[in-house]
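# pasting the sequence and the predicted coordinates here, then a few questions.
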Amino acid sequence: MLKCQRSAMAIAIGVSLMAVTTVHGQIFRHKKKQPAAAQKSATPSDTTKKSGPSPVKPYKDVITADMKSTKGFITVHQKEDKYFFEVPNKMMGRDILIVSRISKASAEMRNGSSGYAGDQIGETVFRFEPGPSKKLLLRRISFREYSADSSQAMFASVQKNNVQAIAMAWPIAAYSPDSSGVVFDATEFVNSDNEVLYFQSKKLKDRAGMGGQVNDRSFVDYVRAFNSNVEVHTVKTYNAGLNPTSSSYTVELNSSMVLLPEKPMRARAMDGRVGYFAVGYIDYDADPQGVKQQIYVKRWRLEPKPEDVEKYKRGEMVEPAKPIVYYIDPTTPKKWVPYLMQGVNDWQKAFEKIGFKNAVYARIAPTKEEDSTWSIDDATHSAIIYRPSVIANAMGPSVSDPRSGEIIESHIFWYHNVMSLLQRWYMAQCGAVDPRALSNELPDSLMGQLIRFVSSHEVGHTLGLLHNFGSSSTVPVEKLRDKAWVEAHGHTPSIMDYARFNYVAQPEDHIGEAGLFPRINDYDMWAIKWGYDMHNEYKTIAEEKVALSKMVSDSLAANHRLYFGSEVNFTDARCQNEDLGDDAVKAGEYGIKNLKRLMPGVLSWAGEKGEDFDKPMEQIKTLYSQFFMYVGHAMANIGSVYVTENMVGDAAKSNIEPAPYEKQKAAMAFINKQLFETPTWMYSELLDRTTLNFPTEISEAQRDMLNAILGRARFSRLLWSEQVYAAKNHVKVYTLTEMFEDLNKGIFSEAYAGKNVDLYRRALQKSYVARLMQQVYANQGEGNISDQVMPFGFNFDKSDERALVKENMLAILALCKKQAANAGLDKLTKLHYNDLVTRINAQLAAEKQGLIK
């Protein structure tokens, strides 16, 4: 996602922990599969033995000659508004994935980025099975816990504690003429407001403000059966529920019943050094004295056609048996279609490196005239969905087989207003080197290329790839200014990073689009090879895991550009979004140089005669945001702890270590200079035409930065660096005490020099003192962070943190007392120092009296 985001494991696994039910290619079922003869619930003659409220009737009396029948893995029979499903006995116990989406949305159900056509409202696996009393059951299947060996007591125990819920039960209406299946009346099933076909939970309906279904304004549009799926399309009207602005909603919903493969795709074990989404389960067999969490990556089933297997083995290029195809939503503005398609097709080169040609590509969705049965909502079709929305975003979720991680389909959502975000990003980051960026509306050719890169990023997600926020940290900053190098190698090794454009490039570097734009690059190619290359030479998943782990270790040792940095590695400054290069300070300095070039001329190119100043101010705010982003990148280095995943057997090196002393020291100096020394260059004449108060804006930005720097989690990491890591490894580290010294000298530089203090700096010094006092005395808020930042966490009250913070507060108190008595200072400066003395003394007095602790 453009703005997407728990532990790395939680991100990879997704919303819920789901189980892979394959071991060496064998399916594990919660109920033992019966022989075909035993799968019959009863024989036609049984119907005469017992009488009941819903007796089983002869097939011809239920499925009459005037019905319309469509054969698929389930046969659908219809007459007017009545529907019957005929389920073959061979489908009993088969896993069926039901995926439900909003096909057409109501304008009143918007809730942020949700409430649009294409939204997924359900994804669960179900199984049909015979039930007692001539009933057919539908069980909801959970894949959380697993035991394979049915001869062991553990198998029975897991079974006993994992009874699958019966979601639906229907009387059997008839048996197939040859007794090969059962028929049930599905009319109520497809018409009712149930959690199997439609909104999977009440929470999803509540989010949209929906109440109960209004039956007389709800109906089935169609039910279509295919070899591997059944599509149910309905028009439903709901009461408005808690939404006071509407009385009801009418939406169109589509439910896909997708038959999962009888033999699941061979799973691939996850390696945390390659960023993939994943599925997982708790395995009670893998560890004889415990349990183990098995994690398998999400990927498409990409295999050569049977007739091409030998060619593939010989290294010849072949087409896959089933390519990955993305259909373009017919509602997409036509001028953007080629760029969205190119963003998909750009991934072909990654698959060509592992022997597949035309493995992934985009197509225009067929029209109703071309294929009346084709639907973009069908869960067997992948698509790029265009949304008329004010949301400035795009995202690429996918649906997968929970047993193996096989990706079944994906709907990429493209929000119309993402183009406004792309314009602002490109203006702020490349406006100094590309004159085309200095416009409220970019040329279509340029916007098209920006759309192309976002399309590639989202497709990467649907191929299984996580964000790689660490990729950009592998590139030396100075290389980003080397025209030949950066145009040849790209500014970042992965398109899955949040590294937008080359903001380090300076006008005199004359760098073109190839060195400014992101691209599918070294890491992406390597990650696709790791995830999709076939390894039939290994007999088991475990054997393959060992071999691939060594391959990853060897690759990383040989090429640092293949580094994966998780987006949830929050303490590691290498894993930031929106940053570039291996040095945040140097990159930020170049970026700020470009911002200073852009700021004075905004009105000349963003102002439109006869219009108000909203557009120019929007661009000014974009430049502000970019500046604060650069400062934030530097700040993340202070107290940063690098966490690098290594495997047993790799060359000996520390997995956890503080960021280098020099980087942390330079980051604090950068913040003191660029932000705490008032950045007056940010003032624009436009501010005189608006109600924006520049001193207040700067003061609030400085306060927010101080609050972030002076956080207990950061204190704790700095203390860990000094008292644990440095004490053991005998290296120089940046300490909490040194951080305070650097802050004091930067923020109170006038006090040390005996000079007057202006209004900007007085506000900054008040914010600094307020935050110090809050951290000494406030027990609420951040509280005890020891569990949050392990393994380098401390309890704030029981460690040296509070004492060191208080010591610094008292040093500021002494400094302010001295300057309050300085006769050479002006009135406002002395009043300011006296005020700070009063504030600190009030806290000390309250502490002494026991009013605060």
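Received the coordinates, thanks.

# nearest spatial neighbour of residue 775, skipping sequence neighbours?
Nearest non-adjacent residue to residue 775, counting by C-beta to C-beta, 6 or more residues apart in numbering: residue 805, 5.2 Å away. Placement of C-beta: from N, CA and C, glycine included.

# quickly find the element holding the one you found.
For residue 805, the element it lies in under DSSP states H and E is helix 801-820.

# and if you look at residue 98?
Applying DSSP H and E, one finds residue 98 within strand 96-104.

# got any ranges where the stretch 701-850 of the chain has weak pLDDT?
779-793 (pLDDT under 70).

# same check, this time on the chain
When residues are selected by pLDDT under 70, those of the chain lie in 1-54, 112-113, 145-162, 242-246, 284-288, 652-653, 779-793, 853.

# next SSE downstream of the strand holding residue 98?
strand 120-131.

# run me through the strand neighbours of that next one, direction for each.
Strand pairing for strand 120-131, using DSSP bridges, gives strand 96-104 (antiparallel), strand 135-141 (antiparallel).

# can I get those strands in CSV with distance to residue 700 and mean neighbour count?
Output for these, formatted as CSV (distance: least, C-beta to C-beta, whole Å; neighbours: other C-beta atoms under 10 Å):
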stretch, distance to residue 700, mean neighbour count
strand 96-104, 40, 22
strand 135-141, 50, 20
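
# closest one to residue 688 among the ones you listed?
For these, the distance to residue 688 is smallest for strand 96-104, at 47.4 Å, taking C-beta to C-beta.

# pull the residues that contact the closest one.
115-128, 196-200, 233, 251-260, 377, 379, 399, 401, 408-409, 411 (C-beta atoms under 8 Å, 6 or more residues apart in numbering).

# ok now it, how far from the chain's centre?
Distance of strand 96-104 from the chain centroid (C-alpha atoms, centre = their mean, to the nearest Å) equals 21 Å.

# now the helices for the stretch 751-853 of the chain?
With DSSP state H, counting those that start in this stretch as the criterion, the stretch 751-853 of the chain has helices at 759-777, 801-820, 827-848.

# deepest-packed of the ones you listed, please.
helix 759-777 (a mean of 20; mean count of other C-beta atoms under 10 Å).

# relative to helix 827-848, how tilted is it?
Counting by axes from the mean of the first three to the mean of the last three C-alpha atoms, to 10 degrees, helix 759-777 lies at 10 degrees to helix 827-848.

# from the chain's centre, how far out does helix 759-777 sit?
Per C-alpha atoms, centre = their mean, the centroid offset for helix 759-777 relative to its chain is 36 Å.

# next one: stretch 721-736
The answer for stretch 721-736 is 35 Å, by C-alpha atoms, centre = their mean.

# where along the stretch 151-300 of the chain do the strands fall?
Counting by DSSP state E, counting those that start in this stretch, the stretch 151-300 of the chain has strands at residues 165-171, 174-175, 181-185, 219-225, 229-239, 248-259, 278-283, 292-297.

# please save the CA atoms from the first one in PDB.
Spelled out, that is strand 165-171. Extracted C-alpha coordinates of strand 165-171, given in PDB (Å, rounded to 0.1, in the frame of the first residue of the first chain):
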ATOM      1  CA  ALA A 165     -18.600 -25.000  13.700                       C
ATOM      2  CA  ILE A 166     -21.700 -25.900  11.800                       C
ATOM      3  CA  ALA A 167     -22.500 -22.800   9.900                       C
ATOM      4  CA  MET A 168     -25.500 -24.000   8.000                       C
ATOM      5  CA  ALA A 169     -27.800 -27.100   7.800                       C
ATOM      6  CA  TRP A 170     -30.400 -28.000   5.100                       C
ATOM      7  CA  PRO A 171     -32.900 -30.800   4.700                       C
END
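
# which other residues reach that strand?
Residues outside strand 165-171 that contact it (C-beta under 8 Å, 6+ apart) are 54, 56, 126, 131, 134-140, 142, 184-186, 189, 194-196.

# one step back: packing partners for the helix holding residue 805?
Packed against helix 801-820 by the contact rule (3 or more C-beta pairs under 8 Å, 6 or more residues apart in numbering; DSSP states H and E) you find helix 712-720, helix 736-747, helix 749-753, helix 759-777, helix 827-848.

# reformat those as CSV; add distance to residue 178.
Formatted as CSV, the helices and strands packed on helix 801-820 follow (distance: least, C-beta to C-beta, whole Å):
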stretch, distance to residue 178
helix 712-720, 68
helix 736-747, 80
helix 749-753, 92
helix 759-777, 78
helix 827-848, 87
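
# give me the number of residues near the residue nearest to residue 184 when sequence neighbours are not counted?
Sequence neighbours aside, residue 170 is the residue nearest to residue 184 in space, at 3.9 Å (criterion: C-beta to C-beta, 6+ apart). Residue 170 has 21 neighbours, counted by other C-beta atoms under 10 Å.

# how about residue 612?
11.

# repeat that for residue 275.
Residue 275 has 29 nearby residues by other C-beta under 10 Å.

# same check on residue 311?
If you count neighbours by other C-beta under 10 Å, residue 311 ends up with 14.

# next, give phi and psi for it.
With angles defined as degrees, to the nearest 10, residue 311 sits at phi -60, psi -40.

# just give the nearest non-adjacent residue to it, would you?
residue 318 (5.3 Å).

# who's that neighbour bridged to?
In this entry, residue 318 is beta-bridged to residue 356, by DSSP bridges.

# give the contact list for it.
So, once contact is read as C-beta under 8 Å, 6+ apart, residue 318 ends up touching 304, 305, 308, 311, 312, 355, 356, 357.

# lovely, talk soon.
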